[in-house]
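K.L.:
Pasting the sequence and the predicted model now:
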Amino acid sequence: MALLTRWSAPLVWLALLLALAVGGEWLEPLLRWSEPDARRVLYPQADLLTLLARHVQVVAIASGLAVVIGVGAAILVTRPGGRDFLPLVAQFASMGQTFPPVAVLALAVPVLGFGTWPIIVALLLYGLLPIVRNTLAGLEGLDPAVEEAARGMGMGGGQRLWQVELPLAAPIILAGIRTSVTVNIATAALGATVGASNLGAPIIAGIVNGNTAYILQGAVMIGLLALAVDSLFARLVPARQ
């Protein structure tokens with residue numbers, strides 16, 4: 001019972017999300033209220049469940065790459081041989097988030113073409129900063145006494161990293177990943193502007209056709225997905241973080 005209570009929030013948001021994805025016809029009267037004069041209120045071009053799966057896939061790929069690159073880079077520049085590159089890595093990560101995703105899409109499309117890959121590149125760059133920043137904070141903020149104790153036990157550099165540093169820094173690192181993934185769930189909707197098929201498609205179609213009902217379907221599903229993922233991370237990251 002305690003386990004169910006602990007995971008109740010993510011399960012509720014996920015249930016609402018899936019209900020909206022597969023039960024659109026039940027919501028037609030409510031959507032009709034938002035757009036009474038429209039010929040269609042249910043997004044007709046693609047199944048919402050399929051768009052949801054593609055949205056999750058894009059965010060998962062981009063976030064997975066961001067975690068590997070961001071955590072890996074932060075680890076490298078906190079080792080004795082890589083400390084000279086720490087300012088460079090921090091500045092690159094900051095630049096990636098300050099560079100507008102729309103501009104990244106505009107630059108990536110001529111190289112990668114229309115579709116999914118431009119938005120993956122944009123999300124990757126946009127999601128690096130919180131991961132790199134939090135990983136650096138977690139690793140650099142460890143108590144020196146803990147490091148000395150690990151050395152005194154005869155641990156090598158690799159052992160200290162995997163058995164001491166990363167476990168202690170994990171809550172801070174997870175907090176950065178949480179921020180990165182949650183922000184990217186919303187930002188991924190921009191992919192629909194360059195031909196990517198995800199939950200941004202109903203929003204763009206609604207804007208183009210002046211159909212509020214389409215916009216609501218895409219926006220509410222993205223919001224529910226973000227809430228589900230964020231509440232899931234909240235169970236993994238200690239409250240003090």
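P.N.:
That came through, no problem.
K.L.:
which element follows the helix or strand containing Y126 toward the C-terminus?
P.N.:
Secondary structure from DSSP states H and E places Y126 in helix 116-140. Using DSSP H and E, the helix or strand that follows helix 116-140 towards the C-terminus is helix 144-152.
K.L.:
Which neighbouring elements make contact with that next one?
P.N.:
helix 157-160 (3 or more CB pairs under 8 Å, 6 or more residues apart in numbering; DSSP states H and E). C-beta: built from backbone N, CA, C; applies to glycine.
K.L.:
follow-up on the earlier one: for the helix holding Y126, name the packing helices and strands.
P.N.:
Using 3+ CB pairs under 8 Å, 6+ apart: helix 116-140 touches helix 48-77, helix 86-98, helix 101-112, helix 166-187.
K.L.:
And the first one, what's buried?
P.N.:
Along helix 48-77, the positions that meet the burial threshold by neighbour count (16 or more other CB atoms under 10 Å) are 48, 51-52, 54-56, 58-59, 61-63, 65-67, 69-71, 73-75, 77.
K.L.:
what angle do it and helix 116-140 make?
P.N.:
Counting by axes from the mean of the first three to the mean of the last three CA atoms, to 10 degrees, helix 48-77 lies at 40 degrees to helix 116-140.
K.L.:
what is the rounded mean pLDDT of helix 48-77?
P.N.:
Mean per-residue pLDDT for helix 48-77: 95.
K.L.:
and that helix with helix 166-187, angle?
P.N.:
Using the same axes, to 10 degrees, helix 48-77 lies at 140 degrees relative to helix 166-187.
K.L.:
Any chance you could list what contacts stretch 25-33?
P.N.:
L20, A38, V41, L42, A213, L216, Q217 (CB atoms under 8 Å, 6 or more residues apart in numbering).
K.L.:
As CSV, could you dump the C-alpha coordinates of that stretch?
P.N.:
Extracted in CSV, the C-alpha atoms of stretch 25-33 (Å, rounded to 0.1, in the frame of the first residue of the first chain):
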residue,chain,number,x,y,z
GLU,A,25,-13.8,10.5,-29.2
TRP,A,26,-15.1,10.7,-25.6
LEU,A,27,-13.7,14.2,-25.3
GLU,A,28,-15.2,15.4,-28.6
PRO,A,29,-18.1,17.2,-26.8
LEU,A,30,-15.6,19.1,-24.6
LEU,A,31,-13.4,20.0,-27.5
ARG,A,32,-16.5,21.1,-29.5
TRP,A,33,-17.2,23.5,-26.7
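K.L.:
ok so, going back, now do the helix holding Y126 and helix 101-112, the angle between them.
P.N.:
Using the same axes, to 10 degrees: helix 116-140 against helix 101-112 is 120 degrees.
K.L.:
by how many degrees do helix 116-140 and helix 86-98 diverge?
P.N.:
Using the same axes, to 10 degrees: helix 116-140 against helix 86-98 is 140 degrees.
K.L.:
Next, the buried residues of helix 116-140.
P.N.:
116-136, 138-139.
K.L.:
dump the residue contacts of T212.
P.N.:
Counting by CB under 8 Å, 6+ apart, T212 has contacts S34, E35, G206.
K.L.:
Name the nearest residue to the spatially most central residue of the chain, sequence neighbours excluded.
P.N.:
Taking CA atoms, centre = their mean as the criterion, V181 is the residue nearest the geometric centre of the chain, at 1.7 Å. Spatially, and ignoring its direct neighbours in sequence, V181 is nearest to S63 (4.8 Å; CB to CB, 6 or more residues apart in numbering).
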